[in-house]
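Enquirer: let's see this in three dimensions:
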Amino acid sequence: MNEYLKKFSSTHPHVADTLEDIKNDYDKKMWHNISDKILNLVTEDQLSGLDLVDLYKNFISSFELRINSLKLGKLIVEISKKLPIDYHNDGYNFVESINDKLQKKDKEASCILKSEMAYWKLKGGDLSNCKKLLEQTKETITELGFVDNYVNACYYKVYANYLKLMDDPNEFYKNQLLYLAYTKIEDVPLIEQQSIAFDLGIAALLGDAIYNFGEFLQHPIVESLNGTQAEWLYRLLKAFNRGDIKEYEQLMNTYQNEINSRPALSEKKEFLYEKVQLMCLMELVFSKPAHDRNIHFSEVNQITGKSEDEVEPLLLKALSYDLIRGVIDGVQQSIHVRWAQPRVLDKDQIGTLRDKLGTWLDKVDESLKFLKQHGSEDVVETEEL
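Expert: Alright, predicted model coming up:
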């Protein structure tokens, strides 16, 4: 082993001091220190993936089961990520060989490695076995009940990429957001942030079950699109989320080259226009006070641009998609909305909600004053808080 480390250090002098430090900790059996230092070495991009595999097989493997299993899982994933993309058979075998040793010892660590094995199957185009590995991983995570955030992040990252290839924007959107929920944004490289944000934005537009982008738009990852060639997508998402049809039309015209160059969007312009109209309808409902949600067809016609004959079919779609619940009055040409799909609000929408609460509090004060002036002796006055 000493001869190997000397030889490796001579061919990689830029990490010689680090390896010497690790060797000293190895001699003292300071496994915790070793695992942290090796993990730092791997994540600092000082060695190629193939060099790291060589280092692992000839040095790290001699004490792999002595270090924390979760750290070992993270270490293997970091090495795996640096391997060439066409290395999928050997990459899969490398990760699998470690999982064979860990799966009985630590199920959480095994979930990390199985997710990475699934990723290699995905990169190799073996979607069937990728899905099987992901199903096994999810089953184990469910059985464990509570696992480290990194375990969930590994699973949802691979599953979201699988759903992207399966062209399922609704499920992709949900699972990619779950990946972000378990991942610190600073741990994601900027170029990867931009890729995730772009894919999420396209999925948000194309998903036929996604009518609120608030959770995504409030996540810091969306800011990675600002100042890039994909900034048009960020602006389009904001217009959609506000239900701003005029802004949507202007952006579609301004960025028609960008949109037309993407068949997924250009071929669904009719769907996108109807979607922004439905989100405009939801914004109208949200703006109404809870006690006065009787909306006339003419009001819907005015804000959505739908003709009078098209308003009722639009409302029926909103009801069938469970975006709103209520009763249509065909005689009065109106709809009474008793419920609207919950939404993650942006700052402007929170401002509207604040104004509503202010109005409600004013009415409560008026009722209290009336009771004090005209109520019977049975009315119990309460002190102001």
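
Enquirer: His219 touches Leu178, doesn't it?
Expert: No - using C-beta atoms under 8 Å, His219 is not in contact with Leu178; the gap is 11.9 Å. Every C-beta, even on glycine, is put in place using the N, C-alpha and C of the backbone.

Enquirer: helix or strand for the residue nearest to Ile22 when sequence neighbours are not counted, which one?
Expert: Leaving aside its chain neighbours, Ile22 sits nearest to Lys37 (5.3 Å; criterion: C-beta to C-beta, 6 or more residues apart in numbering). Applying DSSP states H and E as the criterion places Lys37 in helix 31-43.

Enquirer: list the buried residues of that helix.
Expert: 31, 33-35, 37-39, 41-42 (16 or more other C-beta atoms under 10 Å).

Enquirer: which phi and psi values does Arg338 adopt?
Expert: phi -100, psi -10 (degrees, to the nearest 10).

Enquirer: go on, Ala340?
Expert: Phi and psi for Ala340, reported as degrees, to the nearest 10, are phi -130, psi 150.

Enquirer: check Phe146 too.
Expert: According to degrees, to the nearest 10, Phe146 has phi -130, psi 130.

Enquirer: tally of neighbours for it?
Expert: 8 (other C-beta atoms under 10 Å).

Enquirer: quick one, grab the pLDDT at the closest residue to Tyr255 other than its chain neighbours.
Expert: Once flanking residues are discounted, Tyr255 sits nearest to Trp232: 4.1 Å by C-beta to C-beta, 6+ apart. pLDDT for Trp232: 97.

Enquirer: number of nearby residues for Trp232?
Expert: Neighbour tally, Trp232, other C-beta under 10 Å: 18.

Enquirer: and it, that one's in a helix?
Expert: Yes - judged by DSSP: H, G, I helix; E, B strand; the rest coil, Trp232 forms part of a helix.

Enquirer: check contacts around it.
Expert: For Trp232, the contact set (C-beta atoms under 8 Å, 6 or more residues apart in numbering) comprises 251, 254-255, 258-259.

Enquirer: dump those to TSV, plus neighbour count.
Expert: Formatted as TSV, these follow (neighbours: other C-beta atoms under 10 Å):
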residue	neighbour count
Leu251	21
Thr254	13
Tyr255	16
Glu258	17
Ile259	20
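
Enquirer: redo the buried residues of helix 31-43 as CSV? Include distance to Thr304 and pLDDT.
Expert: Below are those laid out as CSV (distance: C-beta to C-beta, whole Å; pLDDT from 0 to 100):
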residue, distance to Thr304, pLDDT
Trp31, 64, 90
Asn33, 64, 91
Ile34, 63, 91
Ser35, 59, 91
Lys37, 61, 93
Ile38, 59, 92
Leu39, 54, 92
Leu41, 58, 93
Val42, 54, 91
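
Enquirer: so which pair among those is furthest apart in space?
Expert: The largest separation in the buried residues of helix 31-43, counting by C-beta to C-beta, is between Trp31 and Val42 at 16.2 Å.

Enquirer: C-terminal to the helix holding Lys37, what's the next element?
Expert: helix 49-58.

Enquirer: grab the CA positions of that next one and hand them over as PDB.
Expert: Output in PDB follows, covering the C-alpha atoms of helix 49-58 (Å, rounded to 0.1, in the frame of the first residue of the first chain):
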ATOM      1  CA  GLY A  49     -13.000   9.700 -12.200                       C
ATOM      2  CA  LEU A  50     -10.800   6.900 -13.500                       C
ATOM      3  CA  ASP A  51      -7.900   8.100 -11.200                       C
ATOM      4  CA  LEU A  52     -10.300   8.000  -8.200                       C
ATOM      5  CA  VAL A  53     -11.500   4.500  -9.100                       C
ATOM      6  CA  ASP A  54      -7.900   3.400  -9.200                       C
ATOM      7  CA  LEU A  55      -7.300   5.100  -5.800                       C
ATOM      8  CA  TYR A  56     -10.400   3.500  -4.400                       C
ATOM      9  CA  LYS A  57      -9.600  -0.100  -5.500                       C
ATOM     10  CA  ASN A  58      -6.000   0.100  -4.300                       C
END
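
Enquirer: now it: mean pLDDT?
Expert: pLDDT averaged over helix 49-58 gives 94.

Enquirer: what does it contact?
Expert: Under C-beta under 8 Å, 6+ apart, the answer for helix 49-58 is 1, 4, 8, 12, 42, 47, 79-84, 87, 94.

Enquirer: of these, select the buried ones using a PyMOL command.
Expert: Selection of the buried residues among those in PyMOL, burial being defined by 16+ other C-beta under 10 Å:
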select buried, resi 8+12+42+47+79+80+82+83+87+94
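
Enquirer: grab the nearest non-local neighbour of Tyr273.
Expert: Closest to Tyr273 by C-beta to C-beta, 6+ apart is Tyr248, at 7.8 Å.

Enquirer: Ala230 now?
Expert: Phe198 (5.2 Å).

Enquirer: quick one: mean pLDDT over the stretch of helix or strand that neighbour belongs to.
Expert: In the assignment (DSSP H and E), Phe198 maps to helix 190-206. Taken as a whole, helix 190-206 carries a mean pLDDT of 97.

Enquirer: go ahead and confirm Val95 touches Glu116.
Expert: Yes - with contact defined as C-beta under 8 Å, Val95 counts as touching Glu116 (5.0 Å).

Enquirer: so between those two, which is more surrounded?
Expert: Glu116 (29 against 25).

Enquirer: ok, which stretches of this protein are strands?
Expert: 294-296, 324-329, 334-340 (DSSP state E).

Enquirer: quick one, which of those gets closest to Ser62.
Expert: Per C-beta to C-beta, nearest to Ser62 of those: strand 334-340, 61.4 Å.

Enquirer: just the C-alphas of that closest one, formatted as PDB.
Expert: C-alpha atoms of strand 334-340 as PDB (Å, rounded to 0.1, in the frame of the first residue of the first chain):
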ATOM      1  CA  SER A 334     -73.000  33.400 -13.600                       C
ATOM      2  CA  ILE A 335     -71.000  31.000 -11.400                       C
ATOM      3  CA  HIS A 336     -70.900  30.800  -7.700                       C
ATOM      4  CA  VAL A 337     -67.500  29.600  -6.600                       C
ATOM      5  CA  ARG A 338     -67.300  28.100  -3.100                       C
ATOM      6  CA  TRP A 339     -63.700  26.800  -3.300                       C
ATOM      7  CA  ALA A 340     -60.500  27.400  -5.300                       C
END
